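Peer 1: generate a structure from the sequence data that follows.
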Amino acid sequence: MHDLSSHISTGTGEPDSVIANKRRACVLERTLSVMSAISLRNKQVVSNMFSEGYFAAFMEVMHSHLHNPSIARQCCMLIRNCAVQEKAYQVCHGVLEILLNETTS
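Peer 2: Sure thing, here's the model as predicted:
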């Protein structure tokens, strides 16, 4: 991945690396949002994500971004949408219990 911090000039007084990290977080949040929307409409995409083991990655992203509620929320929505579409994931991994535990603790 390219380091964007050397190419960002904002004049806000914040270090360029801080601005770059905020932009990366914004891109990640938007990407998760698009994936969440697609997961509601396309069961084949959800099946492919399930078969490729992407759900562990989604959980990892969510846990590593708990300090950013927007990203954690998008991860929760994506996992929830996929669970609705892919009953096998619900049964095998108990995603609803995981989400309930995450949101209530």
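
Peer 1: where in the chain is pLDDT low?
Peer 2: Applying pLDDT under 70 to the chain flags residues 1-12, 86-100, 102-105.

Peer 1: point to the residue nearest the middle of it.
Peer 2: By C-alpha atoms, centre = their mean, the mean C-alpha position of the chain lies nearest to residue 75, the distance being 3.6 Å.

Peer 1: surely it meets residue 65?
Peer 2: Yes - here residue 75 lies in contact with residue 65, judged by C-beta atoms under 8 Å, at a distance of 7.3 Å. From N, CA and C alone the C-beta is placed, and that goes for glycine too.

Peer 1: re the thing from before, contacts only, for the residue nearest to the centre of the chain.
Peer 2: 32, 58, 59, 61, 62, 65 (C-beta atoms under 8 Å, 6 or more residues apart in numbering).

Peer 1: what's downstream of the longest helix that the chain contains, the next helix or strand?
Peer 2: The residue-count maximum for a helix in the chain (DSSP state H) belongs to helix 16-41. Following helix 16-41 in sequence order, the next helix or strand is helix 43-52 (DSSP states H and E).

Peer 1: send the alpha carbons of the helix or strand that that following helix is followed by over as PDB?
Peer 2: With elements assigned by DSSP H and E, the helix or strand that comes after helix 43-52 is helix 54-64. Taking C-alpha atoms only, helix 54-64 is exported to PDB below (Å, rounded to 0.1, in the frame of the first residue of the first chain):
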ATOM      1  CA  TYR A  54     -14.400 -13.600   5.000                       C
ATOM      2  CA  PHE A  55     -16.500 -13.500   8.100                       C
ATOM      3  CA  ALA A  56     -13.400 -14.000  10.400                       C
ATOM      4  CA  ALA A  57     -11.800 -11.000   8.600                       C
ATOM      5  CA  PHE A  58     -15.000  -8.900   9.200                       C
ATOM      6  CA  MET A  59     -14.900  -9.800  12.900                       C
ATOM      7  CA  GLU A  60     -11.200  -8.900  13.100                       C
ATOM      8  CA  VAL A  61     -11.800  -5.600  11.400                       C
ATOM      9  CA  MET A  62     -14.700  -4.900  13.800                       C
ATOM     10  CA  HIS A  63     -12.600  -5.800  16.900                       C
ATOM     11  CA  SER A  64      -9.600  -3.800  15.700                       C
END
